[in-house]
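Participant: quick one, fold the following:
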Amino acid sequence: MIVQEYSRYVLVVSVALLFAQSSGAPAGGSASGKRLFQNYCAACHGPKGEGGRGPTLARPRLDRAPTRELLIKVITDGVPGTEMPGWELEPNEVRAIATYVRVLGQRPFERIPGNAQRGGQIYVDAGCVQCHSIKGHGGALGPDLTEIGLSRSASYIRRAITNPEADLPEDFLQVRLFTMDGRRIEGVRLNEDAFSIQVRDISGRMYSFFKSELVELNKDKGKSPMSSYRDVLSKEKLDDLVAYLASLRGER
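Facilitator: The predicted model follows:
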């Protein structure tokens, strides 16, 4: 009887190990951690942690969660002021996700074609500086890019340049206003309540209106004031620009 039970145990363990290997779970990362990551995290962070709407996780050190304990806290509580929610999961499920994320961080950095130094000049020549800021220099209409290389993957950056409307933040909204005194203003919504709206136009100027002052308020959900550079930049220049932006990691 003991021999039979032991044999059955060995069989179950062997099958479990075989399943973990066939599921593609990386060494040191459990199959359950990978499955949970795909269910709860991959939509924003990418199926391999490469980044998307959420920051890249496939790197050795996470700024908001440099330790396993802090990573568990972020998964559980979320990050206030961002699109990262807290998840109501069992403690063992949170630990499994945290373990898998830390294994993803052992992967080598993404290899990026292009010349970052040339890309810096393309960034200026293409007019990106008019809408985006790096270390306090530039426009304010678009997102700050000072640490874009930490928070986004090269593939995400390339997609944002060639198809700006592919991954807009949930709270991003382009608007067109027509005022009672004849002004027409296009820009991005900053804040809005039942009675007023605040907008920043493409030049960076901010406006605040009571809705009673408006003749028309158009909300262009899913639209972006940024034009696609797909047919503007050659492949080589696009590679250089992506390499430059991916190199921005906030260093002084």
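Participant: alpha carbons only for contacts and neighbour counts from here, please
Facilitator: Will do.
Participant: and residue 212, how far is that from residue 65?
Facilitator: 46 Å (C-alpha to C-alpha, to the nearest Å).
Participant: more neighbours: which of those two?
Facilitator: residue 65 (14 against 11; other C-alpha atoms under 10 Å).
Participant: residue contacts, the nearest residue to the more buried one once chain neighbours are set aside?
Facilitator: Using C-alpha to C-alpha, 6 or more residues apart in numbering and skipping residues adjacent in sequence, the residue nearest residue 65 is residue 71, 4.6 Å away. Residue 71 sits next to 64, 65, 98 when contact means C-alpha atoms under 8 Å, 6 or more residues apart in numbering.
Participant: could you find the closest non-adjacent residue to residue 61?
Facilitator: residue 105 (7.2 Å).
Participant: against residue 56, how distant is that neighbour?
Facilitator: For residue 105 relative to residue 56 (C-alpha to C-alpha), the value is 9 Å.
Participant: those two: which is more packed in?
Facilitator: Higher neighbour count among residue 105 and residue 56: residue 56, with 23 against 19, using other C-alpha under 10 Å.
Participant: where does that one land in three-state SS?
Facilitator: coil (DSSP: H, G, I helix; E, B strand; the rest coil).
Participant: state the pLDDT value of it.
Facilitator: pLDDT for residue 56: 80.
Participant: surely it and residue 44 touch.
Facilitator: No - between residue 56 and residue 44 there is no contact under C-alpha atoms under 8 Å: 9.4 Å.
Participant: follow-up on the earlier one: from residue 147, how far off is the residue nearest to residue 61?
Facilitator: 18 Å.
Participant: wait, is residue 207 part of a strand?
Facilitator: Yes - judged by three-state DSSP, residue 207 forms part of a strand.
Participant: ok, it - how many residues close by?
Facilitator: By the criterion of other C-alpha under 10 Å, residue 207 has 14 neighbours.
Participant: helices of the stretch 51-200 of the chain, start to end?
Facilitator: 68-77, 91-104, 116-125, 148-151, 154-162 (DSSP state H, counting those that start in this stretch).
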